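**Student:** the sequence isn't on hand, but the structure is:
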């Protein structure tokens, strides 16, 4: 019931800087600044003074800050009163979505099995993929986001969250459209001879480590180039720029328009599912129980 920019403005005011606010909101600093510029332009009032040490509120900003908190509180109270009048106590489930962790898989599954169940209300919460901050996002599950749908083989992720398994993603190779292999619909591992294969560094995901060990042991003709453990858009950009090959997931075939995802004749996969807090709320526990009952 209130503009998303207001919530961002409050976080900026509380944090004292765009960078700190961005970390707490799991977006980039540029995104926060863009929202604040748009908010100031929309209402025609300067709300923030930018300084070398961060940001401070203008007198108008202090007024908006005080009133905005009331607006948010009253909006949430109004929604709850409306639900009580309707005689329905809905469980709000907040599902995170991003370029590499889209929520469509869960939404489609829930649509197929829920049969119009109105006990749960799905709310979509966008966040940005960032290899430097993704662990913070995972660690804070339950605060602003209840579930993230994604690959869940990472040992670092398992130490920070719980996992509800849904299936397996196939490991494929992404190649730039200008690459000599781009015309193929299927790859054999020998097609990769003489090529550089980009993949996450050793030591985080057992399934990827097993694939790496096999390549190094049986196919030394393939060079391996380490990437960060957790992909973001820049990893895909680098693959396209270097005209290399990137180990990827079949679920990521539409991430980068200049890359083509091609299956390989190996049986390597990684599990995917719902990531959620190690201390789940009642709503989360109830939603998982409903999934178990309906599947």
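**Tutor:** Great, that's in hand. Fair warning: this is a prediction, and the values are worked out from it, not measured in the lab.
**Student:** for residue 234, give its distance to residue 51.
**Tutor:** Computed as C-beta to C-beta, to the nearest Å, the residue 234 to residue 51 distance reads 30 Å. All C-beta atoms are positioned from the backbone trio N, CA, C, and that covers glycine.
**Student:** more neighbours, those two?
**Tutor:** residue 234 (14 against 10; other C-beta atoms under 10 Å).
**Student:** so where does the more buried one fall, helix or strand?
**Tutor:** Assessed by DSSP states H and E, residue 234 sits inside helix 233-242.
**Student:** so what's the gap between the next helix or strand after that helix and the chain middle?
**Tutor:** Following helix 233-242 in sequence order, the next helix or strand is strand 245-249 (DSSP H and E). A distance of 18 Å separates the centroid of the chain from that of strand 245-249, by C-alpha atoms, centre = their mean, to the nearest Å.
**Student:** tell me what the helix or strand just after strand 245-249 is packed against?
**Tutor:** Sequence-wise, the next helix or strand downstream of strand 245-249 (DSSP H and E) is strand 259-263. Counting contacts by 3 or more C-beta pairs under 8 Å, 6 or more residues apart in numbering; DSSP states H and E, strand 259-263 packs against strand 162-176, helix 233-242, strand 245-249.
**Student:** would TSV of the ones you listed with mean pLDDT and distance to residue 60 be doable?
**Tutor:** Compiled in TSV, those are given as follows (pLDDT from 0 to 100; distance: least, C-beta to C-beta, whole Å):
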stretch	mean pLDDT	distance to residue 60
strand 162-176	96	44
helix 233-242	96	36
strand 245-249	98	47
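**Student:** for residue 94, which of these is the nearest?
**Tutor:** In terms of C-beta to C-beta, the element of those nearest to residue 94 is strand 162-176, at 15.3 Å.
**Student:** got the angle for whatever helix or strand comes next after that closest one vs strand 162-176?
**Tutor:** Downstream of strand 162-176, the first helix or strand assigned by DSSP H and E is strand 196-200. Put simply, strand 196-200 runs at 160 degrees to strand 162-176, going by axes from the mean of the first three to the mean of the last three C-alpha atoms, to 10 degrees.
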